[in-house]
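1. Pasting a predicted model and its sequence here:
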Amino acid sequence: MIRAVNIKKSFDGVEVLKGISTIFEKGKTNLIIGRSGAGKTVFLKLLVTLMQPTEGEIWYGDVNVTNLNKRQLIDLRKDIGMLFQGSALFDSLTVEENIRFPLDMFTRKTKKEKQERVDEMIEVVNLEGSNDKYPGEISGGMQKRVGIARSIVLNPKYLFCDEPNSGLDPKTSLVIDELIQTITRENQITTIINTHDMNSVMEIGEKINLLHMGKLAWVGNKDEVVENENELLQNFIFASPFLQRLRKQALGK
Amino acid sequence: MILSFFYNLGRFVNLFRLMLSKPERVSMYWKETVRQMNDIGIGSLMIIGLIALFIGAVAAMQFAYQLGNTFVPMYYTGYVVRDMTIMELAPTITCLVLAGKVGSNIAAELGGMRQNEQIDALEIMGVNTASYLIAPKLVAALVVIPLLVAISAFVSIIGGFLAVVPTGMITESEYVLGLRLFFVPYTVFMMFVKSIVFAFIVAALPAYQGYYVKGGSIELGKASTNAVVYCDIAILLADYIIALMMT
């Protein structure tokens, strides 16, 4: 579980986050949604300890991570996996080497054990046959899957995903969403996903945090989205006239 | 301007302080260092050899031409080419070329990694990125560049020979006599001192420029250009200081 307590963040005197308090639950896919400029990426970077808040605290279980020194942060980060928007794969390494990188860097497993774990990950993300390909030789969806495999290869307790579906077609997006949800449930990890994708909201939104202008505007889950009358939520989720008509039909109006 | 200089100097020193911390896994650093040695060394061998060959050839030819109507013995051509190459041309020209080839490559590689969030990905994994990304490049440069400079000096002297002996400007024995005349081993020591200092510049300044890139492709281009320009200035400045101190 991760807790954010009254998080504020300012850049050059401009307050981007204005006191956000929320809880991200273990074993659930926790979503952060909101319009561009709402502060989602900054919030995610604070949660993942790439930035320090101006005010407030972030707790990983019983540990306040806002006061950790460099060495403690490095230790903490071994429990964190992150899928980046652009996948952030290492260009000079093959698919297999990218996935094996954390194992090579942080574990003392034998070569055989590492290979077994890499093969297991490749099977989980359904990338058999792509072991020796370089990131530039595979599609965006496959790169995302390699990114997921690399982020979970060390069995992290916390998984962060920044726009996991950006640039992907709806079908591939569904595959990625299902994969993240399955991994989250099976490994009982705390997953936080920063997304714009409405399909993701409706499919895997077990806990949804809507940000608006640096504030938490709504918290709920995918089953509450259609019926809830929060204006900011409806304007964001059902932005187009087509989606608004669908919502009315769903509500029997 | 002065404030900016001290800001960058402080950040540069801090980056190197972080770089000097204990590696997470020595074998991974070694693997990366070997890759960098290959990129810098083997990747630059052809261009360095070509440039050295022509520099030696042109220096020998022009010096032999100038001696043509004087009472200075022609074997001085070999002597001048040897000393000029060892003391100045091989380390300085080689490293100026490497600043363009290797320096811009280091800045672009690290800058690209920063922009594609690969550095963030390493940070999240718990890797000390300053150390993992910069130390292997620095070590590789400090090992490989002095070797490249030595090869460059050797090829340059061969280039001088090929330019003036087969063309009949001077005889083979005159050129070889010149090469062996008044040889002071200290000049070779000076060449290696210069090449080590220049190697540090060629790896460290571009690494700093690339590591802290912010923004998009325009900023990356600027960082790459700045890396080369600052390297060239720093090499020439260091060359002057070393010459002042060691001669």
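-> That came through fine.

2. Any chance you could list what contacts the helix or strand harbouring A:E224?
-> Taking DSSP states H and E as the definition, one finds A:E224 inside helix A:222-225. Helix A:222-225 is contacted from outside by A:V201, A:M202, A:E203, A:I204, A:G205, A:E206, A:I208, A:L233, A:I237, using C-beta atoms under 8 Å, 6 or more residues apart in numbering or on different chains. (Each C-beta comes from the backbone N, C-alpha and C, glycine too.)

3. what residue is smack in the middle of the chain?
-> Using chain A here. Nearest to the mean C-alpha position of chain A, by C-alpha atoms, centre = their mean, lies A:C161 at 2.0 Å.

4. um, chain B though
-> Centre-most residue of chain B, counting by C-alpha atoms, centre = their mean: B:C95, 2.5 Å.

5. Name the SS class of that one, please.
-> Per DSSP: H, G, I helix; E, B strand; the rest coil, the secondary structure class of B:C95 is helix.

6. still on that earlier bit, return the closest of the contacts of helix A:222-225 with respect to chain B.
-> If you rank the contacts of helix A:222-225 by distance to chain B using C-beta to the nearest C-beta, A:I204 comes first, at 21.9 Å.

7. Counting neighbours, what do you get for the residue nearest to B:M61 when sequence neighbours are not counted?
-> Closest residue to B:M61 apart from its sequence neighbours, by C-beta to C-beta, 6 or more residues apart in numbering or on different chains: B:A163 at 4.7 Å. Around B:A163 sit 23 other residues, with neighbours defined as other C-beta atoms under 10 Å in any protein chain shown.

8. so where does B:A163 fall, helix or strand?
-> Here B:A163 is covered by helix B:135-164, with elements defined by DSSP H and E.

9. Just list what that helix packs against, helices and strands only.
-> In terms of contacts (3 or more C-beta pairs under 8 Å, 6 or more residues apart in numbering or on different chains; DSSP states H and E), helix B:135-164 is packed against helix B:26-37, helix B:43-67, helix B:76-84, helix B:90-98, helix B:172-180, helix B:186-211.

10. With mean pLDDT and distance to A:G34 as new columns, can the ones you listed be given to me in CSV?
-> Formatted as CSV, the helices and strands packed on helix B:135-164 follow (pLDDT from 0 to 100; distance: least, C-beta to C-beta, whole Å):
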stretch, mean pLDDT, distance to A:G34
helix B:26-37, 90, 38
helix B:43-67, 92, 46
helix B:76-84, 91, 66
helix B:90-98, 94, 48
helix B:172-180, 90, 74
helix B:186-211, 95, 31
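
11. which one of these is the most hemmed in?
-> Most buried of these by mean neighbour count (mean count of other C-beta atoms under 10 Å in any protein chain shown) is helix B:90-98; its value is a mean of 25.

12. how far out from the middle of the chain is that one?
-> Counting by C-alpha atoms, centre = their mean, to the nearest Å, helix B:90-98 is centred 5 Å from the centre of its parent chain.

13. same for that helix, what does it pack against?
-> helix B:43-67, helix B:135-164, helix B:186-211, helix B:217-246.

14. how much does the third one deviate in direction from helix B:217-246?
-> Which is helix B:186-211. Angle of helix B:186-211 versus helix B:217-246, following axes from the mean of the first three to the mean of the last three C-alpha atoms, to 10 degrees, is 160 degrees.

15. interface residues of chain B facing chain A?
-> B:24-25, B:27-28, B:35, B:116-118, B:120-121, B:123-128 (C-beta under 8 Å from any C-beta of the partner chain).

16. What segments of chain A are helices?
-> A:40-47, A:70-77, A:95-106, A:111-124, A:140-152, A:170-187, A:198-204, A:222-225, A:231-237, A:241-251 (DSSP state H).

17. I'd like the ones you listed as TSV, with mean neighbour count and distance to B:N8 appended.
-> Rendered in TSV, the data for those read as follows (neighbours: other C-beta atoms under 10 Å in any protein chain shown; distance: least, C-beta to C-beta, whole Å):
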stretch	mean neighbour count	distance to B:N8
helix A:40-47	22	25
helix A:70-77	14	22
helix A:95-106	21	30
helix A:111-124	15	41
helix A:140-152	24	34
helix A:170-187	17	41
helix A:198-204	19	42
helix A:222-225	16	49
helix A:231-237	17	43
helix A:241-251	11	51
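
18. in chain A, which helix or strand is least confident?
-> Counting by mean pLDDT, DSSP states H and E, chain A has its least confident helix or strand at helix A:241-251, which shows a mean of 81.

19. what's the closest non-adjacent residue to A:S92?
-> If the residues on either side of it in the chain are set aside, A:S92 comes closest to B:R35, at 7.6 Å by C-beta to C-beta, 6+ apart.

20. buried residues in stretch B:151-164?
-> B:I151, B:S152, B:A153, B:F154, B:V155, B:S156, B:I157, B:G159, B:G160, B:F161, B:A163, B:V164 (16 or more other C-beta atoms under 10 Å in any protein chain shown).

21. and that stretch, average pLDDT?
-> For stretch B:151-164, the mean per-residue pLDDT is 94.
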